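Asker: No sequence on hand, only this structure:
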């Protein structure tokens, strides 16, 4: 009896151990599956929302803007990936050797801009699709330029060196040449003066190794007012009057009456 009771109890417990854990396991599996699906659904919908958000922020696209405008340009060999172009040229294609994320270039790499069978390679780091930090450019003509970008625009001190030895150095502010710039030729001549919004504006001086000095004012990129060409080697000089780039008069002072440097501004 005792043996039978124990046997029956053991049987019932055995059955409970077989059936109950199985039912609980399936319930747990179902709950886990449902919970996992919810997480995946949230991640998926969130990813789509992020992707949609990225797409909506990539405006304007270069296909919808005019020459010279700022826009998002699609890579030629990576459809769907874009780079911020600060001066759009519809005839210029671009490719990127680095990675793309969220429909834009990211990380380190090289941008290759190509137009009219000429190319320009720029190497540096991209953040959120825009050049940021120090970049180095190599042109097909041998020119090398280097300096910092901030949020897709040149910003800070830049130096450009041409294959023939010509060097330009100065500062960019928010994508435009600004402040004092110096141009040096391989023969030793130096030209220097102020730039405002990408154009020479103010008093410029060019000094050549033979002693010749050209000096005068620019107004929005054009010679304006009285200029002086001073040949220090022989003591002769010539005044030239300009009106927004057009030469309107010229004259030479009497022998021995040439003014000192800086007199063109007076």
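Answerer: Thanks, I have the structure now. These numbers were taken from a predicted model, which means no experiment stands behind them.
Asker: Check what pLDDT residue 261 gets.
Answerer: Residue 261 carries a pLDDT value of 70.
Asker: Could you report the separation of it from residue 194?
Answerer: 17 Å (Cβ to Cβ, to the nearest Å). Where C-beta positions appear, they are placed from N, C-alpha and C, glycine not excepted.
Asker: Those two - which one has more neighbours?
Answerer: residue 194 (18 against 13; other Cβ atoms under 10 Å).
Asker: And the pLDDT for that one?
Answerer: The model's pLDDT for residue 194 equals 98.
Asker: try residue 179
Answerer: 98.
Asker: and what of residue 34?
Answerer: Residue 34 is assigned 30 on the pLDDT scale.
Asker: And the one 4 residues further on, by the same measure?
Answerer: Listed pLDDT for residue 38 reads 41.
Asker: can you check residue 236 too?
Answerer: In this model, residue 236 is scored at 86, pLDDT.
Asker: mind checking how far stretch 82-91 is from the chain centre?
Answerer: Distance of stretch 82-91 from the chain centroid (Cα atoms, centre = their mean, to the nearest Å) equals 10 Å.
Asker: Give the buried residues for that stretch.
Answerer: 82-86, 88 (16 or more other Cβ atoms under 10 Å).
Asker: Just those: which are in strands?
Answerer: 82-85 (DSSP state E).
Asker: So, low pLDDT: which residues of the stretch 51-200 of the chain?
Answerer: Residue ranges of the stretch 51-200 of the chain with pLDDT under 70: 51-56.
Asker: returning to what we had before: out of the ones in strands among the buried residues of stretch 82-91, which one sits closest to residue 111?
Answerer: Using Cβ to Cβ, residue 83 comes nearest to residue 111 of these, at 6.5 Å.
Asker: List the contacts of that closest one.
Answerer: The contact partners of residue 83, taken as Cβ atoms under 8 Å, 6 or more residues apart in numbering, are 72-73, 75, 94, 96, 104-105, 111, 126, 129-131.
Asker: partners of the closest residue to residue 78 other than its chain neighbours in the sheet?
Answerer: Nearest in space to residue 78, with sequence neighbours left out and distances taken as Cβ to Cβ, 6 or more residues apart in numbering, is residue 100 at 6.0 Å. Listed by DSSP bridges, the beta-bridge partners for residue 100 are residue 105.
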